[in-house]
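>>> I would like to see how this sequence folds:
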Amino acid sequence: MVNRAPSRGDLVLACLPDAIARFGCARGYLLRGRGCGDGIEPVGKRLSALPGDSVEVMHDYIAVNGQRLEHSATLSRDSRGGSVHHVAWGRYTVQPGEVWLLGTKDARSWDSRYFGPVPASSVRAALEPVLTW
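Numbering: from 1, shown residues only. Presented below is the predicted three-dimensional model:
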């Protein structure tokens, strides 16, 4: 974690809202762990869209403010073959107090394209990668 306020594009640590975190844990996307009040591990995702931004969710891409994100196609099945529900296709305006968290380095990332925006207060800290692959 770094000692500065997170900004657009940063890798961040976030505690997902309870219902989303419980669903993710039940599906095996998240593990139990320390760090969040619900006893489920926090996630590390890119802070991709902030209040006022436009997010377009299509089958084969996500765009933020008209810029398509790499590796952002929405999948219909997870790596275990289970069906994955996603937000409705279309364009969204990020509302005050909300953010979109996306993980586009891995096509299997379970993120806001599936569960939608989360409260900005979910974001705990900006992260600086020490080791990447």
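>>> who does V118 bridge with?
Bridge pairing for V118 (DSSP bridges) gives the partners V99.
>>> what's around it, how many residues?
Using other C-beta atoms under 10 Å as the criterion, V118 is surrounded by 22 other residues. All C-beta atoms are positioned from the backbone trio N, CA, C, and that covers glycine.
>>> pLDDT value on it, please?
Looking at V118, its pLDDT is 97.
>>> any idea how far stretch 38-55 is from the chain center?
Averaging C-alpha positions (C-alpha atoms, centre = their mean, to the nearest Å) puts stretch 38-55 4 Å from its chain's average.
>>> In it, which residues are buried?
Of all the residues in stretch 38-55, those buried under the rule 16 or more other C-beta atoms under 10 Å are 38, 40-43, 45-50, 53, 55.
>>> Helices of this structure, start to end?
Remark: helices assigned in the chain by DSSP state H are 18-26, 112-115.
>>> Provide the contact partners of the first one at residue level.
When contacts are taken as C-beta atoms under 8 Å, 6 or more residues apart in numbering, the neighbours of helix 18-26 outside the stretch itself are 15-16, 30-32, 36-38, 40, 110, 115, 118.
>>> got it, and the shortest one?
Defining contact as C-beta under 8 Å, 6+ apart, one finds that helix 112-115 is touched by 16, 20, 23, 45, 48-49, 55, 57, 62, 72, 74, 84-87, 100-102, 118.
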